[in-house]
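[1] Got a predicted structure here, sequence first:
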Amino acid sequence: IGERKDIMLAILLLAIVFMMVLPLPPVALDILIAINMTISVVLLMMAVYINSPLQFSAFPAVLLITTLFRLALSVSTTRMILLQADAGQIVYTFGNFVVGGNLVVGIVIFLIITIVQFLVITKGSERVAEVSARFSLDAMPGKQMSIDGDMRAGVIDVHEARDRRGVIEKESQMFGSMDGAMKFVKGDAIAGLIIIFVNILGGVTIGVTQKG
C-alpha cells in the first residue's frame, strides 16, 4: 500500500508539472478550477471540525501539493489569457460577478483582496505556524520529564509512556512541517501577485501591439 501511495504521489506531481508546461483547453481549465475550489472547501471544513491536530497530520503535505496545484492552474490560466484571451467560463463568470464590468471597481476590489490575503491571512498564518513550532519544541523536554515522572510514580505503565512520547514526537514533527509549509504558501501568495500583474501588463501589451 505504501508503494502505491508513493507511485500515485509521483504521478500527481508529474501531472502538476505537465500542467505548467502543456497548454490546456478551456474546458479542462474549468474542471481543474472546480476541483481546486472543492478541495479548498473540504480542507477548510476538515480543519474546522477536527478535535486534534494529529487527526489530520497529513495536512502540511496536502497543503504543499494543493499549493503546487494552484500555482500550475495560475500558470495555465495566464497562458490561456495571453494566447487566446479565454480562460474558461469559471474565470469569466467569477470576474463578471465580482467586478460587474467596472474596471475601477475591479481594481479597488483587487487591492483589498491583495492586502487581506498577503498581509492578514498569509503573514498571520506564517507567524502562527512559526510560534506553534517553536512552542512545541520548547515544551518537549518538560512533557518528556512529566511522562517519566508519571511512569516512576506508577501512574502510567511503560506502554502508555511510549504512546505518549510518540504523540509528542508526532506533534513536534507536524508543527515543524506546518512552519515550512506556510513559508511555501507565502511564496505562493507572492507568486500569485506577480502573475496577476503579468496578466495585466501582458494583456494590455498584446492588445495594443498585436490586436490594435
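    Thanks, I have the structure now. Numbers count the residues shown, from 1 in each chain.
[2] From the contact counts, what lies against the longest helix belonging to the chain?
    In the chain, with assignment by DSSP state H, the single longest helix is helix 158-209. Counting contacts by 3 or more CB pairs under 8 Å, 6 or more residues apart in numbering; DSSP states H and E, helix 158-209 packs against helix 59-84, helix 123-152. In short, each C-beta sits where N, CA and C put it, glycine included.
[3] Of the ones you listed, which stretch is the most buried?
    Comparing these by mean neighbour count (mean count of other CB atoms under 10 Å), helix 59-84 comes out on top with a mean of 17.
[4] Could you check the angle that one makes with helix 123-152?
    Using axes from the mean of the first three to the mean of the last three CA atoms, to 10 degrees, the inter-axis angle of helix 59-84 relative to helix 123-152 is 160 degrees.
[5] Packing partners of helix 59-84?
    helix 2-21, helix 26-49, helix 158-209.
[6] who wins for proximity to Phe135 among those?
    Among the helices and strands packed on helix 59-84, helix 158-209 comes nearest to Phe135, with 8.1 Å by CB to CB.
[7] Now do that closest one against helix 59-84: the angle between them, please.
    Using the same axes, to 10 degrees: helix 158-209 against helix 59-84 is 10 degrees.
[8] Let me see the mean pLDDT of helix 158-209.
    In this model, helix 158-209 carries a mean pLDDT of 82.
[9] Likewise for stretch 7-14?
    Rounded mean pLDDT across stretch 7-14 is 85.
[10] Extract the C-alpha trace of that stretch and format it as PDB.
    The C-alpha trace of stretch 7-14 is given here as PDB (Å, rounded to 0.1, in the frame of the first residue of the first chain):
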ATOM      1  CA  ILE A   7       3.600   6.000  -7.100                       C
ATOM      2  CA  MET A   8       0.300   7.900  -7.000                       C
ATOM      3  CA  LEU A   9       2.000  10.900  -5.400                       C
ATOM      4  CA  ALA A  10       4.800  10.900  -8.000                       C
ATOM      5  CA  ILE A  11       2.200  10.700 -10.800                       C
ATOM      6  CA  LEU A  12       0.200  13.500  -9.300                       C
ATOM      7  CA  LEU A  13       3.300  15.700  -9.100                       C
ATOM      8  CA  LEU A  14       4.300  14.900 -12.700                       C
END
